[in-house]
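>>> A structural model of the following input is requested.
(chains A, B, C and D)
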Number of protein chains: 2
Amino acid sequence: MPTPERTSLEEIVRAARDLLESSGHEGLTMQAVAHRVGVRAPSLYKRVRNRGDLVALVADATLRELGARVEAAATHADDDPRLALARLVRAGRDFARERPAGFRLILAPGTDLRLDPASLEAASAPVLRVAARLAGEERVLDAARTFTAWATGFVSMELAGAFRLGGEVERAFEFGLDRLCHALAIPAS
Amino acid sequence: MPTPERTSLEEIVRAARDLLESSGHEGLTMQAVAHRVGVRAPSLYKRVRNRGDLVALVADATLRELGARVEAAATHADDDPRLALARLVRAGRDFARERPAGFRLILAPGTDLRLDPASLEAASAPVLRVAARLAGEERVLDAARTFTAWATGFVSMELAGAFRLGGEVERAFEFGLDRLCHALAIPAS
DNA sequence: TGAAGTAGCTATGGTCAATAGCTTAGGATG
DNA sequence: CATCCTAAGCTATTGACCATAGCTACTTCA
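Prediction:
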C-alpha cells in the first residue's frame, strides 16, 4: 500500500485556483502555490507534471464547477423554459463574477490548453435540455448553440466591462434574453 | 532634431504580433521579438516600457485591425441590413481564424490588460450603425449589444472548437444569424 | 526488525525580464 | 572643419521562476 498523501492533488488545485483569482495568471507560480499549501516548490512535481498541467487542472476544475452550478440552476422543475434559461445564464454570470480569471481560462483557452470534452459536455448539457422544451423549435442543437453563443458573449462582454453603468447591464440582459427566447421559440418563417 | 529611428515601434509591434501567432503567448518573449527585429533584447526597452506594455500594444493593434476589417465590411452600400450584418460577422470570423491568438487577447483580456476605449468604440460602431437600420427596432443600442454578444460568443466557440464538423459550423451560423435578425427586427410584443 | 516505497527537502542549471552603464554613430552648431 | 550631444544599441548583471537530480526521513508491511 502506498503511503497516504499528506498534500493531496485537490489541495494543490484549490490553492492554485484561489491564487489565480487573487494574483492573476502571472501570479500563479509554482512557488506561490507551494507556499500556500505549506510546502516547497519542487514537492509539487510529485503530483503535477509541470505548470501547464496545473493550469489545465485548474481550468478543468473551474469548468466542472461551472457545469455543476448550471446543472443546479436547471433542476428547478418549473415549466417555463424562459425562466429556466434565465436562471442558467444568471448562474453563469454569477460564476464569472466570482471567478473571473478562471472563467477567462475556459472562455478563451490558449492553443496549448485542451479542455476536457466530458466537462464541456456536462456544462453545456443543461442548455440543450431546456432548449429541447422550447415550444415550436425543432432544430434543438442549433437553438442551444445560438443561445449559448449569446450567453457566453454577453458574459464575456460584461466581464470585459463593455457595459458602463450597472443598470445598463440588466437592461441589456433582459432585452437580449427576451429576444433570444422569442427568436428560438418561433419556427423559421 | 532627434536622430531618425533605426528600429521603429511599429516594426517591434509587428514582430510581436507575428510571434504571438506563431509561438503563442508564452513564446512571445522579449528576446524572440528582439531577434526577429534584428536587435538584442535590452534595446527594445528604448521603445517599450516592459513586456506588459508590448502585449498591450499588440492587443490594441489587433483590435484596430479588426475594427478596420469590420468597418470595411460595413461600407458595402447595399440596403439589406441582414446581409450587412452577415458580412460584419464573417469579417470577424475570418479575422479570428487568421489571428486566433491575437483575437483571444482582445476577447478575454487579462485583469492587467486595458483595451483602449477608442479602439473598442471604432470596432463596435459599424454594428451599431447597421442595427440602427433594422426595421422596427427602437432600442438600437440593446439590439446592437445583443447581436454583438451572439457574434463574439459564436466566434469564440468556433475558435475553441465547439463545432466538430465543418458543415455544422456554417449551419449553426446561418441558423443563429437568421434567428437573431428576426428577433431584432421584430419589436417586443 | 528490516525492506521498500514515497513525501519532502536542498542544491542546481537554464530561461527570461529588466536595469545599469558604456560605446558609438550621426546630425546640429559654432 | 571641429565639437557637442542625443539617442541607439550593446554587454554585464540581478532577480524571479521553472524544472530536475539526488538525498533524507518516515511510514507501512512482511
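
>>> For the rest of this, base every contact and every neighbour count on C-alpha atoms.
Fine.

>>> Enumerate every residue touching the closest residue to A:Thr7 other than its chain neighbours.
Computed as C-alpha to C-alpha, 6 or more residues apart in numbering or on different chains, the closest residue to A:Thr7 that is not its neighbour in sequence is A:Val37, at 7.6 Å. By C-alpha atoms under 8 Å, 6 or more residues apart in numbering or on different chains, the residues touching A:Val37 are A:7, A:11-12, A:15.

>>> Now stretch A:55-67: average pLDDT?
The pLDDT scores in stretch A:55-67 average 98.

>>> Any buried residues in that stretch, and which?
Within stretch A:55-67, the residues scored as buried using 16 or more other C-alpha atoms under 10 Å in any protein chain shown are A:55-64, A:66-67.

>>> right, is the least confident helix or strand in chain A by mean pLDDT up against chain B?
Within chain A, no helix or strand scores below helix A:166-185, which has a mean of 91 by mean pLDDT, DSSP states H and E. Yes. Judged by C-alpha under 8 Å from any C-alpha of the partner chain, helix A:166-185 and chain B are in contact via A:171-172, A:175-176, A:179-180, A:182-184.

>>> Most neighbours out of the contacts of A:Val37, which is it?
A:Ile12 (21 neighbours; other C-alpha atoms under 10 Å in any protein chain shown).

>>> That one contacts A:Val33, doesn't it?
Yes. When contacts are counted by C-alpha atoms under 8 Å, A:Ile12 is listed as touching A:Val33 (7.0 Å).

>>> Next, name the residue at the spatial heart of chain A.
Per C-alpha atoms, centre = their mean, the C-alpha nearest to the average position across chain A is that of A:Leu66, at 4.1 Å.

>>> what's near enough to touch that one?
Counting by C-alpha under 8 Å, 6+ apart, A:Leu66 makes contact with A:92, A:95, A:123.

>>> Which of the helices or strands spans the second one?
This means A:Phe95. helix A:81-98 (DSSP states H and E).

>>> tell me the mean pLDDT over that helix?
For helix A:81-98, the per-residue pLDDT averages 95.

>>> Need the CA coordinates for that helix. CSV is fine.
Once non-C-alpha atoms are left out, helix A:81-98 reads as follows in CSV (Å, rounded to 0.1, in the frame of the first residue of the first chain):
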residue,chain,number,x,y,z
PRO,A,81,-38.3,27.4,-20.3
ARG,A,82,-37.8,31.1,-20.4
LEU,A,83,-37.3,31.3,-16.7
ALA,A,84,-35.2,28.2,-16.8
LEU,A,85,-32.9,29.8,-19.4
ALA,A,86,-32.7,33.0,-17.4
ARG,A,87,-31.6,31.0,-14.4
LEU,A,88,-29.0,29.2,-16.4
VAL,A,89,-27.4,32.3,-17.7
ARG,A,90,-27.6,34.0,-14.3
ALA,A,91,-25.7,31.1,-12.9
GLY,A,92,-23.0,31.6,-15.5
ARG,A,93,-22.9,35.3,-14.8
ASP,A,94,-22.6,34.9,-11.1
PHE,A,95,-19.9,32.3,-11.5
ALA,A,96,-18.0,34.6,-13.9
ARG,A,97,-18.2,37.4,-11.3
GLU,A,98,-16.9,35.1,-8.6
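
>>> buried sites along that helix?
Those buried within helix A:81-98 under the rule 16+ other C-alpha under 10 Å are A:81-82, A:84-93, A:95-96.

>>> follow-up on the earlier one: rebuild the residues of helix A:166-185 next to chain B as a markdown table, extending it with neighbour count.
Converted to a markdown table, the residues of helix A:166-185 next to chain B look like this (neighbours: other C-alpha atoms under 10 Å in any protein chain shown):
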| residue | neighbour count |
| --- | --- |
| A:Arg171 | 12 |
| A:Ala172 | 20 |
| A:Phe175 | 18 |
| A:Gly176 | 26 |
| A:Arg179 | 24 |
| A:Leu180 | 26 |
| A:His182 | 21 |
| A:Ala183 | 23 |
| A:Leu184 | 28 |
